[in-house]
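Enquirer: this is a predicted model, with the sequence first.
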Amino acid sequence: MSPNQHIAELGPLLEQLGIHHVIIAPGSRNAPMIQLFTYNQPFHCYSIVDERSAGYVALGMAVQLGQPVAVVTTSGTAVLNLAPAVAEAFYRRVPLVILTADRPVEPIPQFNNQVIDQVAPYYNFTKGFYEMPMDPGEEEVLRQVMLHVESLVKEGLEYPAGPVHINVPLQEPLYDPLPRPVLDLKVETEKIPWTGTGPDPIPVKVAGKKILVLAGSGRYSQPVRKQLQQLAMHPSVVVVAENITNLHSERFITRPEVLLGGAGENELKELMPDLVIGLGGQVVSKRLKNLIQSDQSIRSLVPEGELSLLIQGLLDQLDSQDNETGSDYYHAWESVRERVSVKADRLIESLPFGNLAGIREVIRQAPPGAVLHLGNSTTIRYSQLIPVRDDLSYEANRGTSGIDGSVSTAVGAALVSDQLHLLVVGDLSFVYDSNSLWNKNFPGNLRIIVLNDGGGSIFRLLEGPGRMDFFEEFSVTHHPVSIELLAQAFGRRFARVSGTDELREHLEALMKPESALSVLEVDTTASENSHIFTSFFQKIRS
């Protein structure tokens with residue numbers, strides 16, 4: 001059997017499993033895998049030097065495409081640098097196939113470079129791990145190795161989808177041409193959905209209960225979307241679907257933070273559910289979480305399994321039973337929404353220049369069909385206050401809610417899309433993930449709006465941190481970085497605005513398909529962003 005025969009067999013196998021896009025972090029130990037993917041026509045390969053960025057670029061691609069994406073790294077700390085993106089993919093239920101090159105086991109590993117223990121380094125954040133043998137030897141052994149790989153990748157695609165890790169020990173020579181595949185592998189080509197199979201019925205009776213359905217961030221099939229709309233028509237049911245769910249119905253509560261922020265004490269009591277059913281991933285609204293967690297008697301369910309079967313079971317129960325006790329539950333939410341929304345929308349229109357007004361303008365001017373990527377911390381929270389547009393797609397890394405890969409994820413999504421992609425991100429997130437701009441194929445359809453308020457202003461919105469002596473130095477984290485020079489260092493066309501009229505003018509130019517501008521800094525350091533935010537809620541509550 002030729003050396004690296006098992007590497008040669010990976011190409012046809014992964015292609016049949018639906019992998020067509022590969023992110024490659026340069027290295028030497030992974031040279032055979034680089035040769036495999038770059039020499040094969042079915043694979044679209046992208047070189048991303050920073051592994052931390054590479055993982056998030058793959059994540060953005062996978063979400064945009066609805067397909068698994070492979071990531072290839074060399075050995076050593078390169079493997080560990082993928083960990084944040086792997087964790088995000090795990091909690092967002094996005095299938096990535098991580099292929100890490102490794103060195104052969106040595107009796108004295110201290111004598112070699114880039115040697116760490118690469119056995120299941122993402123143990124809690126993948127759906128499975130497999131280490132390929134360095135030399136499978138006989139053809140039958142090679143076939144069994146490929147069956148292991150096939151099974152693992154399929155596991156990553158099945159509900160709930162997620163990343164899988166294949167570690168590949170490789171010995172020198174690393175740069176010899178790969179042999180031709182010898183196995184006639186036939187993979188079952190039936191589409192493996194990201195949403196699962198098998199019924200998972202609601203294990204409680206819903207008659208007489210006020211039911212709150214929390215649709216968290218995630219991917220929802222068309223049948224599930226229709227069922228949720230049906231579910232929301234029941235007077236005992238309230239469906240909460242924030243902007244990052246991309247679920248749209250007049251009956252859905254899309255801005256729970258605004259609604260609950262303007263509700264009075266007696267109204268909040270009326271909004272308390274008897275049963276909470278959580279679907280998908282994270283919900284952003286802190287007020288909504290506090291409402292649910294304030295009463296220990298509330299029954300909570302986070303069911304797994306096929307969502308359409310689960311929701312149909314709930315619909316069947318509701319249709320067949322009298323639910324008079326909860327019959328006014330939706331009306332209670334709707335009456336608060338009608339009152340609070342009018343006041344909130346009027347306040348949003350009159351906002352002074354700052355972060356919140358900046359996001360308002362981006363959402364207002366975004367052309368229909370655009371994909372809006374939202375950074376974490378204040379950015380995603382501010383966006384939740386603005387009315388949702390059903391002609392935009394909203395995306396955010398809410399699996400782990402970190403700031404570390406927001407830019408890279410947007411880059412990955414834009415690379416495999418013809419749509420206009422808009423990223424709104426804070427200054428710390430932009431600086432932290434600036435290596436995402438280190439990309440010779442940087443997508444021309446991505447526009448980045450950096451809200452620069454001079455540090456981590458999220459902590460100014462929270463109760464508590466401001467009372468600590470370390471607040472300004474270690475929480476707000478002021479920085480000396482010039483957004484302009486940083487963008488220009490990577491060859492990105494830059495502009496800065498510091499007022500509403502300027503912002504509107506530059507956003508209009510930024511949104512044009514032929515625009516050469518790719519980074520727009522919205523300088524709000526002179527604005528009282530935290531005061532504007534707290535004042536907004538004080539006024540809708542009054």
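Expert: Cool, got the structure.

Enquirer: what packs against whatever helix or strand residue 261 lives in?
Expert: Element membership for residue 261 (DSSP states H and E) is helix 256-262. Where contact means 3 or more Cβ pairs under 8 Å, 6 or more residues apart in numbering; DSSP states H and E, helix 256-262 is packed against helix 286-293, helix 329-349, helix 529-541. In short, each C-beta sits where N, CA and C put it, glycine included.

Enquirer: isn't residue 519 up against residue 446?
Expert: No - the pair residue 519 / residue 446 is not scored as a contact, 9.8 Å apart, by Cβ atoms under 8 Å.

Enquirer: one step back: now tabulate the helices and strands packed on helix 256-262 in JSON lines and tack on distance to residue 523.
Expert: Listed next are these as JSON lines, based on distance: least, Cβ to Cβ, whole Å:
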{"stretch": "helix 286-293", "distance to residue 523": "27"}
{"stretch": "helix 329-349", "distance to residue 523": "21"}
{"stretch": "helix 529-541", "distance to residue 523": "12"}
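
Enquirer: chain center to stretch 151-169, what's the gap?
Expert: 18 Å (Cα atoms, centre = their mean, to the nearest Å).

Enquirer: any buried residues in that stretch, and which?
Expert: Across stretch 151-169, burial judged by 16 or more other Cβ atoms under 10 Å covers 152-169.

Enquirer: now do the end-to-end distance for it.
Expert: 19 Å (Cα to Cα, to the nearest Å).

Enquirer: could the helices and strands packed on helix 256-262 go into TSV alongside distance to residue 453 and mean neighbour count?
Expert: Formatted as TSV, the helices and strands packed on helix 256-262 follow (distance: least, Cβ to Cβ, whole Å; neighbours: other Cβ atoms under 10 Å):
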stretch	distance to residue 453	mean neighbour count
helix 286-293	20	16
helix 329-349	18	17
helix 529-541	5	17
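
Enquirer: for residue 432, which of the ones you listed is the nearest?
Expert: Of all those, helix 529-541 sits nearest to residue 432, with 19.3 Å by Cβ to Cβ.

Enquirer: quick one: mean pLDDT for that closest one?
Expert: The pLDDT scores in helix 529-541 average 93.

Enquirer: report the angle between that helix and helix 329-349.
Expert: 130 degrees (axes from the mean of the first three to the mean of the last three Cα atoms, to 10 degrees).

Enquirer: packing partners of helix 529-541?
Expert: If you count contacts as 3+ Cβ pairs under 8 Å, 6+ apart, helix 529-541 packs onto helix 256-262, helix 329-349, helix 355-365, helix 458-461.

Enquirer: show me what that helix is in contact with.
Expert: 258, 261-262, 264, 340, 343-344, 347-348, 351-352, 354-357, 378, 382, 385, 453, 457, 460-461 (Cβ atoms under 8 Å, 6 or more residues apart in numbering).

Enquirer: cutoff 7 Å now
Expert: 258, 261-262, 340, 343-344, 347, 351-352, 354-356, 453, 457, 460-461 (Cβ atoms under 7 Å, 6 or more residues apart in numbering).

Enquirer: quick one: which two of those residues are the most distant?
Expert: It's 340 and 453 that sit farthest apart of these, by Cβ to Cβ, at 26.4 Å.

Enquirer: can you tell which of the helices and strands packed on helix 529-541 is closest to residue 68?
Expert: Using Cβ to Cβ, the nearest of the helices and strands packed on helix 529-541 to residue 68 is helix 355-365, at 31.1 Å.

Enquirer: flag every buried residue along that closest one.
Expert: 355, 356, 357, 358, 359, 360, 361, 362, 363.

Enquirer: residue 486 in helix, strand or coil?
Expert: Following DSSP: H, G, I helix; E, B strand; the rest coil, residue 486 is assigned to helix.

Enquirer: list the contacts for it?
Expert: 431, 434.

Enquirer: same question, residue 276
Expert: With Cβ under 7 Å, 6+ apart, residue 276 has these contacts: 212, 214, 292, 298, 300.

Enquirer: can you check my assumption that the second one lies in a strand?
Expert: Yes - the assignment for residue 214 by three-state DSSP puts it in a strand.

Enquirer: follow-up on the earlier one: tabulate the helices and strands packed on helix 529-541 (JSON lines), appending mean pLDDT.
Expert: Output for the helices and strands packed on helix 529-541, formatted as JSON lines (pLDDT from 0 to 100):
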{"stretch": "helix 256-262", "mean pLDDT": "98"}
{"stretch": "helix 329-349", "mean pLDDT": "96"}
{"stretch": "helix 355-365", "mean pLDDT": "97"}
{"stretch": "helix 458-461", "mean pLDDT": "53"}
